[in-house]
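**Student:** only geometry, no sequence info:
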Ligand SMILES: Cc1cc2nc3c(=O)[nH]c(=O)nc-3n(C[C@H](O)[C@H](O)[C@H](O)COP(=O)(O)OP(=O)(O)OC[C@H]3O[C@@H](n4cnc5c(N)ncnc54)[C@H](O)[C@@H]3O)c2cc1C
């Protein structure tokens, strides 16, 4: 049977965006369907790329490998789009306790950590304006991925090319044949579902996150900061501050409780004026074991989800892994294989 495409994709958050670019770059014909549903994670994601689990001061899952692949992928994509959305930026951790400060110093003695961490506030003079009773440390290889810009550029290009349809796809719209899958006249040997938190499946845990956009006159940070929450400078003394984690009532949108929680953290950090410009919420597609969820659901369908709170860091590796699977039949790494939850 002759197919119109090589791969159909449902969902164009960060997963669908990065996957479609990866597949198209390898010469595959891709068609995307996306509905821009309320609560989607990528619409609110701050885009912080941080290879350290700060609660425990340990590298996140396969951090060095993921960082190298993510950096190369987004830089290459910037060249392709002639745009800028990947911004290396240090992250300063303000130690909340003497124990955390001690742990950080201890980790610095190990080679793996000394490449990622440094002691002290780094070279951003504005950090001196924030309270640091137990000192501070820098996570060196961090970045900010400007997800709204990336998604906007991708949307414009793919709509123009006729390879993106803004529509919702119901299960009844997907026709499976012995040769592949068909959606409204578009057919391919494989359909990859990148529907984030909207695709209920074994092992997937939707987690609501809320954040605030705030202006803090008098504070002009050049680094990202973490102390109970993340602070990302976006210019003009304005910051994205977040995010909360909530496992109940995940589709509620922004809540007063979330706002109060964030304001409490912010006022501990900054005693000057804090003007709230925006309050946002979205739902993370997290996995029970905090690993991505990839792989075949049946003969002609696969899934790419479970990016949790590290989508920007993990998506390029996941997409490259799926490409190998789709084009060369490479087996899915058991650590991320969707089959681990069945
Ligand atoms: C508050 C918050 C802050 C975050 N901060 C960061 C951060 O700083 N750094 C970071 O790396 N990650 C962060 N994340 C996590 C990041 O947002 C996610 O890992 C990532 O965006 C998940 O992307 P996704 O494409 O899997 O899902 P989504 O972005 O939710 O995309 C799914 C898409 O599928 C579409 N869709 C679903 N079903 C259908 C259907 N039937 N038909 C058509 N379309 C459909 C939806 O409309 C949506 O566009 C944050 C998340 C939240 C909520």
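**Tutor:** The structure has been received and is ready for your questions. It should be emphasised that the depicted structure is a prediction, and the values quoted were computed from it without experimental measurement.
**Student:** SS state for residue 61?
**Tutor:** When classified by DSSP: H, G, I helix; E, B strand; the rest coil, residue 61 comes out as coil.
**Student:** any idea how far residue 256 lies from residue 279?
**Tutor:** Counting by CB to CB, to the nearest Å, the gap from residue 256 to residue 279 is 10 Å. (Glycine included, C-beta is placed from N, CA and C.)
**Student:** could you list the buried residues of the lowest-mean-pLDDT helix or strand in the chain?
**Tutor:** Ranking every helix and strand in the chain by mean pLDDT, DSSP states H and E puts helix 111-114 at the bottom, with a mean of 84. Along helix 111-114, these residues count as buried under the neighbour rule (16 or more other CB atoms under 10 Å): residue 113.
**Student:** can I assume residue 261 sits in a strand?
**Tutor:** No. With three-state DSSP as the criterion, residue 261 is located in helix rather than a strand.
**Student:** who's in contact with the residue lying closest to it once chain neighbours are set aside?
**Tutor:** Excluding the flanking residues, the one nearest residue 261 by CB to CB, 6 or more residues apart in numbering is residue 244, at 5.7 Å. For residue 244, the residues meeting the contact criterion (CB atoms under 8 Å, 6 or more residues apart in numbering) are 208-211, 258, 261-262.
**Student:** related to what we said a few turns ago, mind checking how far the least confident helix or strand of the chain is from the chain centre?
**Tutor:** Taking CA atoms, centre = their mean, to the nearest Å, one finds the center of helix 111-114 at 25 Å from the center of the full chain.
**Student:** and if you look at stretch 325-332?
**Tutor:** Counting by CA atoms, centre = their mean, stretch 325-332 is centred 24 Å from the centre of its parent chain.
**Student:** contacts for that stretch?
**Tutor:** Outside of stretch 325-332, the residues within contact range by CB under 8 Å, 6+ apart are 6-7, 23, 26, 28, 190, 192, 294-296, 302, 321, 324, 338-339.
**Student:** and the helix or strand in which residue 214 is found, what's buried?
**Tutor:** Of the helices and strands defined by DSSP states H and E, residue 214 is found in strand 204-215. Of the residues in strand 204-215, those with enough neighbours to count as buried (16+ other CB under 10 Å) are 204-214.
**Student:** what's it packed up against?
**Tutor:** strand 238-242, helix 256-269, strand 275-287 (3 or more CB pairs under 8 Å, 6 or more residues apart in numbering; DSSP states H and E).
**Student:** elements contacting the first one?
**Tutor:** Where contact means 3+ CB pairs under 8 Å, 6+ apart, strand 238-242 is packed against strand 204-215, strand 230-235, helix 256-269.
**Student:** chain center to it: distance?
**Tutor:** On the basis of CA atoms, centre = their mean, strand 238-242 is displaced by 16 Å from the centre of the chain it belongs to.
**Student:** hmm, that strand in reach of the ligand?
**Tutor:** Yes. Strand 238-242 is in contact with the ligand by CB under 6 Å from any ligand atom, via residue 242.
**Student:** if we can go back for a sec, nearest to the ligand, of the helices and strands packed on strand 238-242?
**Tutor:** strand 204-215 (2.9 Å; CB to the nearest ligand atom).
**Student:** can you tell me, leaving aside adjacent residues, what's nearest to the residue in the stretch 1-150 of the chain that the ligand sits nearest to?
**Tutor:** With distances taken as CB to the nearest ligand atom, the stretch 1-150 of the chain approaches the ligand most closely at residue 13, which sits 2.2 Å away. The shortest distance from residue 13 to any residue other than its chain neighbours is 3.5 Å, reached at residue 42 (CB to CB, 6+ apart).
**Student:** state whether the one you found is indeed within a helix.
**Tutor:** Yes. Residue 42 sits within a helix when classified using three-state DSSP.
**Student:** so how many other residues sit close to it?
**Tutor:** Burial measure for residue 42: 24 neighbouring residues, criterion other CB atoms under 10 Å.
**Student:** same check, this time on the one 10 residues further on
**Tutor:** Here the count is done by other CB under 10 Å, and residue 52 has 24 residues near it.
**Student:** what sits against the residue lying closest to it once chain neighbours are set aside?
**Tutor:** Once its chain neighbours are removed from consideration, residue 52 has its nearest residue in residue 139; the separation is 5.0 Å (CB to CB, 6+ apart). In this structure, residue 139 makes contact with 50-52, 54, 90-93, 116-117, judged by CB under 8 Å, 6+ apart.
**Student:** residue 9: helix or strand, and which one exactly?
**Tutor:** strand 7-10.
**Student:** can you pull the phi/psi pair for the nearest residue to residue 317 once chain neighbours are set aside?
**Tutor:** Closest residue in space to residue 317, ignoring its immediate chain neighbours: residue 69 at 4.8 Å, by CB to CB, 6+ apart. Phi and psi for residue 69, reported as degrees, to the nearest 10, are phi -70, psi -40.
**Student:** so how far is residue 329 from residue 69?
**Tutor:** Using CB to CB, one obtains 21 Å as the distance from residue 69 to residue 329.
**Student:** compare neighbour counts for those two and give me the winner.
**Tutor:** The residue with the greater number of neighbours, taking residue 69 and residue 329 and applying other CB under 10 Å, is residue 69; the counts read 20 against 7.
**Student:** and the closest residue to the ligand within the stretch 201-342 of the chain, how far is that from residue 340?
**Tutor:** At 2.4 Å from the ligand, residue 311 is the closest residue in the stretch 201-342 of the chain, using CB to the nearest ligand atom. Using CB to CB, we find residue 311 at a distance of 20 Å from residue 340.
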